[in-house]
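1. make a model of this:
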Amino acid sequence: MIFCDAHLHIIQCFNYEKNKALTNTFSVSCAHSKSEFLEMEALLSSVSKNIFPAFGLHPQKPDFGASLEENAAFLKCLLEEKRICAVGETGFDLFSPEFKLNFEKQKKAWGICLDLALKYKVPLVLHDRKALDILFSYAKELASLPAVVFHSFAFGVKEAESLLSHKINGYFSFGNALIKGNKKSLACFEKLPLDRLLLETDAPYQTLRGQTFTPVSQIEAIYKRAGEIRNLPLDALCGAMKENFFAAYKGLQNF
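-> Down below sits the predicted model:
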């Protein structure tokens, strides 16, 4: 059985799990600093050909490990050299007062990532908390991208349908929220078209109660719950999610 994990952070997973065991998955792993990316790239070249690298300016830490300008230059270099399958994750996070104070830097980082994704015609992995109205103001630009992966989508069915109505080639990704029983996530996963859905762990983050990290292997439990919600056998769900994964992350054959 092949599982597809639309979003994780493999370096942090290894740091938490302290082992080199990878589940039988196709995955996209995001990094947000030059040092993290180079470590990830070296790791993936030696242990897995099924995990594909992405890089972006994260809204919570757009200047992580270096200045925002240095991270932006590194992102451009990665795109020019075709070393990443997507830009991300990037977006907006207004969840806390601390993040709100950082809004102008988030907006600058977002603009850089969006412009580069448009220029190099690659998918965008989008992080958004409490800022969906801002994204709608960029609907025209988002509709010009090959695909947009709404990582850990935290809004309702109507909002998802509205994004699709703006001609955005959107894929909505869900993880442990399905197991936790989040009402919005459950409704979205149940009601949106199957070909618009993805599943993810966001490992090692997005933990369940009692956990200190989310292991990569959690993807199996997420698939099991997702199959129950959609009333689909596991093999059928795996097939559909694999098709969506490769449709969303176009160009993976180059890696």
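
2. what does the helix or strand bottoming out on mean pLDDT in the chain rub up against?
-> Among the secondary structure pieces of the chain, namely its helices and strands, helix 10-17 has the lowest mean (mean pLDDT, DSSP states H and E), a mean of 84. Residues outside helix 10-17 that contact it (Cβ atoms under 8 Å, 6 or more residues apart in numbering) are 20, 27, 29, 31, 36, 39-40, 43-44, 51, 203-205, 212-213, 215-216. Where C-beta positions appear, they are placed from N, C-alpha and C, glycine not excepted.

3. now for the next helix or strand after it, which elements pack on it?
-> Toward the C-terminus, helix 10-17 is succeeded by strand 25-31 as the next helix or strand (DSSP states H and E). The criterion is 3 or more Cβ pairs under 8 Å, 6 or more residues apart in numbering; DSSP states H and E, and the helices and strands that strand 25-31 contacts are strand 3-8, helix 10-17, helix 34-47, strand 51-55, strand 86-93, helix 234-248.

4. comparing those, which yields the minimum mean pLDDT?
-> The stretch with the lowest mean pLDDT among the helices and strands packed on strand 25-31 is helix 10-17, which comes in at a mean of 84.

5. could I have the CA atoms of that helix written out in CSV?
-> Provided in CSV are the C-alpha atoms of helix 10-17 (Å, rounded to 0.1, in the frame of the first residue of the first chain):
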residue,chain,number,x,y,z
ILE,A,10,11.9,15.5,7.2
ILE,A,11,14.9,17.0,9.0
GLN,A,12,12.9,17.7,12.2
CYS,A,13,11.3,14.2,11.9
PHE,A,14,14.8,12.6,12.0
ASN,A,15,15.8,14.9,14.9
TYR,A,16,12.7,13.7,16.8
GLU,A,17,12.5,10.1,15.9
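
6. how big is the angle separating it from strand 25-31?
-> If you take axes from the mean of the first three to the mean of the last three Cα atoms, to 10 degrees, helix 10-17 sits at 100 degrees to strand 25-31.

7. okay, buried residues for helix 10-17 please.
-> I10, I11, Q12, C13, F14, Y16, E17 (16 or more other Cβ atoms under 10 Å).

8. okay if I get those residues as CSV plus distance to K180?
-> Conversion of those to CSV gives the following (distance: Cβ to Cβ, whole Å):
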residue, distance to K180
I10, 23
I11, 25
Q12, 21
C13, 20
F14, 25
Y16, 20
E17, 21
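
9. list just the nearest of those to L234.
-> The shortest distance between L234 and any of the buried residues of helix 10-17, using Cβ to Cβ, involves C13 and amounts to 23.1 Å.

10. which other residues reach the longest helix seen in the chain?
-> Among the elements of the chain assigned as helix by DSSP state H, the one spanning the most residues is helix 103-120. Defining contact as Cβ under 8 Å, 6+ apart, one finds that helix 103-120 is touched by 56-59, 62-63, 68, 72, 75-76, 79-80, 86-88, 90-94, 99, 123-124, 138, 141-142, 144-145.

11. I179 and L208 touch, don't they?
-> Yes: assessed by Cβ atoms under 8 Å, I179 is found in contact with L208 at 6.5 Å.

12. the more surrounded of these two?
-> Taking neighbours as other Cβ atoms under 10 Å, I179 and L208 compare with I179 leading, 16 against 11.

13. now do that one against M1, distance only.
-> Note on I179: its distance to M1, by Cβ to Cβ, to the nearest Å, is 18 Å.

14. where do the strands sit along the stretch 151-255 of the chain?
-> For the stretch 151-255 of the chain, the strands identified by DSSP state E, counting those that start in this stretch occupy 170-174, 197-199, in order along the chain.

15. can you add mean neighbour count, distance to Y223 and mean pLDDT and give those strands back as JSON lines?
-> Shown next, in JSON lines, are these (neighbours: other Cβ atoms under 10 Å; distance: least, Cβ to Cβ, whole Å; pLDDT from 0 to 100):
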{"stretch": "strand 170-174", "mean neighbour count": "25", "distance to Y223": "11", "mean pLDDT": "98"}
{"stretch": "strand 197-199", "mean neighbour count": "24", "distance to Y223": "6", "mean pLDDT": "98"}
